[in-house]
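Novice: just need the structure, nothing else, for what follows:
(one chain, ligands or ions: 1)
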Amino acid sequence: MSSFTYQKLTCGLFLSCALVGAPLAQAEDKVYRLKLAETWGANTPILGDTTKRMASLAESMSNGRLQITIDSSNKHKAPFGVFDMVRAGQYDIGHSASYYWKGKVPNTLYFTTMPFGMTTAEQYGWFYHGEGQTLMNEVYGKFGMYSFPGGNTGVQMGGWFQKEINSLDDVKGLKIRIPGFAGELWSKIGAKPVNIAPGDLFTALERRTVDAVEWVGPSLDIRMGFHKIAPFYYTGWHEPASELQFMVNRRKFDRLPEDLQQILKTAMRTSAYDMYIQTHHESGESWHKMKTEFPNIQVKTFPADVITAMRQANEKLLAEYAEKDPQAKRIQDSQAEYMRKARAWTDISDKAYLNSLDK
Ligand code: CA
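Specialist: Next comes the predicted model:
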């Protein structure tokens with residue numbers, strides 16, 4: 001809505017047109033500039049497209065009143081300092097992933113994705129229509145921030161393996177690059193998880209410093225070239241719906257006029273959904289290309305004993321977290337309860353539909 005239309009509308013609603021119109025014109029002219037720091041390097045595909053899309057939507061919807069500049073990690077030099085920079089107000093917005101802050105604030109873990117947890121549609125339901133957003137703001141509120149969903153990768157693949165995994169015995173001593181909570185689970189069942197910087201991953205796999213590498217899925221894996229050196233591509237279990245985040249400094253957000261707050265929220269929500277759609281699209285394209293160019297790639301699913309061991313390790317670790325911290329328990333219970341109902345529906349809708357095609 002242009003300022004002209006809005007003022008006319010205001011005149012129609014209130015008789016004191018001149019009084020209402022004048023300060024409104026001033027308020028509408030004011031430009032609010034926000035600075036965003038992203039964890040990713042400059043022009044990172046999909047992730048970087050999401051921040052650019054968000055900033056561009058916010059600017060166009062606000063008629064230029066909300067301007068967001070983006071600094072990538074090569075500029076701010078602190079990919080894993082985004083939480084602290086937004087908290088301190090050095091940046092107003094951060095684009096990152098909540099589970100990166102688990103070492104600092106354990107309960108941030110739950111707002112990205114959980115092993116054996118919700119699918120993307122189920123998790124968006126929990127965030128926007130269940131308790132997800134409220135619980136996330138409760139966790140981030142202590143640090144003077146809001147956190148909003150920031151784009152989803154969908155189901156992540158289990159990783160690229162040099163050798164086939166036929167049983168739990170093949171996991172013993174296996175060196176796999178996989179960070180975070182999923183890495184802890186691999187370690188519980190006998191593997192040796194390591195974290196390696198993205199730029200060194202290909203070389204590590206090629207030189208057999210690691211036996212396997214977990215990254216994302218075809219949309220982003222194709223650029224890394226893992227399919228050229230590790231033929232077994234395993235399906236996922238550990239990140240069924242990885243959601244990125246927009247962290248926003250509370251003071252900065254609360255000071256924005258209400259319409260710009262709504263515009264910012266709408267731009268974040270739209271660009272988050274869009275990232276999921278873009279990832280799905282690019283994964284289809286990339287998977288087709290990988291299969292065509294490298295017909296030797298073999299898609300595998302982890303054997304039942306590995307999955308069972310992972311499930312048990314997951315339940316044990318979550319129970320330990322819940323026991324130590326009532327807030328962790330509340331978040332886990334909320335997710336479990338939401339998933340129970342949402343999954344029953346997924347099973348008789350999407351799952352039943354896809355299964356019926358195989359018959
Ligand atoms: Ca991953």
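
Novice: alpha carbons only for contacts and neighbour counts from here, please
Specialist: OK.

Novice: quick one: mean pLDDT over stretch 246-257.
Specialist: The average of the pLDDT scores along stretch 246-257 is 98.

Novice: so what touches that stretch?
Specialist: When contacts are defined by C-alpha atoms under 8 Å, 6 or more residues apart in numbering, stretch 246-257 is touched by residues 32, 83, 86-87, 89, 91-96, 141, 144-150, 261, 268.

Novice: which among these end up buried?
Specialist: 83, 86-87, 89, 91-96, 144-150, 261, 268 (16 or more other C-alpha atoms under 10 Å).

Novice: looking at the residues you listed, which are in helices?
Specialist: F83, V86, R87, Q261, M268 (DSSP state H).

Novice: outside of stretch 53-72, which residues touch it?
Specialist: 2, 28-42, 51-52, 260, 263-264, 267-268, 270-271.

Novice: next, count neighbours for L354.
Specialist: Neighbour count of L354, defined by other C-alpha atoms under 10 Å: 11.

Novice: okay, now the unreliable bits of the stretch 201-350 of the chain?
Specialist: For the stretch 201-350 of the chain, not a single residue meets the criterion pLDDT under 70.

Novice: got the residues of it near the ion?
Specialist: Contacts of the stretch 201-350 of the chain with the ion, taken as C-alpha under 5 Å from the ion, map to W215, V216.

Novice: outline the domain layout of the chain.
Specialist: 30-153+241-281, 156-238+297-324 (automatic domain parsing).

Novice: go through the ones you listed and name the closest to D350.
Specialist: Of all the domains of the chain, the one in closest proximity to D350, counting by C-alpha to C-alpha, is domain 30-153+241-281 (10.7 Å).

Novice: that closest one: end-to-end distance?
Specialist: One end of domain 30-153+241-281 sits 39 Å from the other (C-alpha to C-alpha, to the nearest Å).

Novice: likewise for stretch 34-42?
Specialist: End-to-end distance of stretch 34-42: 18 Å, with C-alpha to C-alpha as the criterion.

Novice: avg pLDDT for that stretch?
Specialist: For stretch 34-42, the per-residue pLDDT averages 96.

Novice: list the buried residues for that stretch?
Specialist: Buried residues in stretch 34-42, counted by 16+ other C-alpha under 10 Å: L34, K35, L36, A37, E38, T39, W40, G41.

Novice: gap between it and the chain center?
Specialist: The chain centre lies 15 Å from the centre of stretch 34-42; the measure is C-alpha atoms, centre = their mean, to the nearest Å.

Novice: who's in contact with that stretch?
Specialist: In contact with stretch 34-42 (C-alpha under 8 Å, 6+ apart) are residues 47-48, 51, 66-74, 76, 78-80, 82, 91-96.

Novice: in which helix or strand does the residue in the stretch 251-359 of the chain positioned nearest to the ion reside?
Specialist: Ranked by C-alpha to the ion, the top residue of the stretch 251-359 of the chain for proximity to the ion is T279, at 13.6 Å. Using DSSP states H and E, T279 sits in helix 258-293.

Novice: could you say what helices and strands that helix packs with?
Specialist: Under the contact criterion of 3 or more C-alpha pairs under 8 Å, 6 or more residues apart in numbering; DSSP states H and E, helix 258-293 touches helix 47-61, strand 145-152, helix 218-224.

Novice: only C-alpha atoms, please: export the helix or strand following the longest one in CSV.
Specialist: Toward the C-terminal end, the helix or strand that comes next after helix 47-61 (DSSP H and E) is strand 66-71. Taking C-alpha atoms only, strand 66-71 is exported to CSV below (Å, rounded to 0.1, in the frame of the first residue of the first chain):
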residue,chain,number,x,y,z
LEU,A,66,13.3,-1.3,5.9
GLN,A,67,16.7,-1.9,4.5
ILE,A,68,18.8,-4.9,5.5
THR,A,69,22.5,-5.2,4.6
ILE,A,70,24.1,-8.6,4.7
ASP,A,71,27.6,-9.5,5.9
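
Novice: how about strand 66-71: buried residues?
Specialist: Under the neighbour-count criterion of 16+ other C-alpha under 10 Å, strand 66-71 has L66, Q67, I68, I70, D71 buried.

Novice: may I see these organised as JSON lines, with pLDDT added?
Specialist: Below are the buried residues of strand 66-71 laid out as JSON lines (pLDDT from 0 to 100):
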{"residue": "L66", "pLDDT": "98"}
{"residue": "Q67", "pLDDT": "98"}
{"residue": "I68", "pLDDT": "98"}
{"residue": "I70", "pLDDT": "98"}
{"residue": "D71", "pLDDT": "98"}
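
Novice: farthest-separated two in those residues?
Specialist: Pairwise distances across these peak at 16.5 Å for L66 and D71 (criterion: C-alpha to C-alpha).

Novice: wasn't P193 part of a strand?
Specialist: Yes - counting by DSSP: H, G, I helix; E, B strand; the rest coil, P193 is part of a strand.

Novice: what about it, distance to D259?
Specialist: Distance from P193 to D259, by C-alpha to C-alpha: 47 Å.

Novice: count the residues that sit near the residue of the stretch 51-200 of the chain found nearest the ion.
Specialist: Evaluated by C-alpha to the ion, the stretch 51-200 of the chain has Q156 as its residue closest to the ion, separated by 6.3 Å. The number of residues packed near Q156 is 20, by other C-alpha under 10 Å.
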